[in-house]
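**Student:** I need the structure of the sequence given here:
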Amino acid sequence: TKDGGECLAPDFEFCAAVVGPLGREEYLAALGTFKLEDAFPDINPNYYGFRVDPFEPNRVWFMSRSTATHTGPLLGKPPTGKKLSLP
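**Tutor:** Numbering: from 1, shown residues only. Next up, the predicted model:
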């Protein structure tokens with residue numbers, strides 16, 4: 001993260017379809033190996049649709065549609081200049 005993980009709660013947990021759960025420190029270590037902000041300096045996650053889970057009020061759901069331009073090296077590969085939008 002741009003703030004070195006300060007934005008993440010001490011009990012932060014990352015879960016995805018095929019990854020996780022990862023605790024805060026494990027997540028930050030994994031994220032740091034990709035250097036995504038070097039490869040995509042204009043990355044914007046565009047978070048939206050925040051809502052509180054009606055059954056678990058301490059859980060918040062949201063969506064994102066990230067946009068970025070590949071202007072820096074990524075995993076040893078040169079920049080392509082391509083724009084991306086996920087998903």
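**Student:** assumed Tyr27 was part of a helix.
**Tutor:** Yes. Under DSSP: H, G, I helix; E, B strand; the rest coil, Tyr27 falls within a helix.
**Student:** I figured it hits Phe12, correct?
**Tutor:** Yes. The criterion here is CB atoms under 8 Å, and Tyr27 meets it with Phe12 at 6.9 Å. C-beta here means a position set from N, CA and C on the backbone, and glycine is covered the same way.
**Student:** the more surrounded of these two?
**Tutor:** Taking neighbours as other CB atoms under 10 Å, Tyr27 and Phe12 compare with Tyr27 leading, 19 against 14.
**Student:** measure that one to Arg65 for me?
**Tutor:** Separation of Tyr27 from Arg65 (CB to CB, to the nearest Å) stands at 21 Å.
**Student:** please identify the helix or strand for Asp38.
**Tutor:** Assigned by DSSP states H and E, Asp38 belongs to helix 36-39.
**Student:** what does that helix rub up against?
**Tutor:** Residues from elsewhere that reach helix 36-39 (CB atoms under 8 Å, 6 or more residues apart in numbering): 2, 43, 70-74, 79.
**Student:** many thanks, have a good one.
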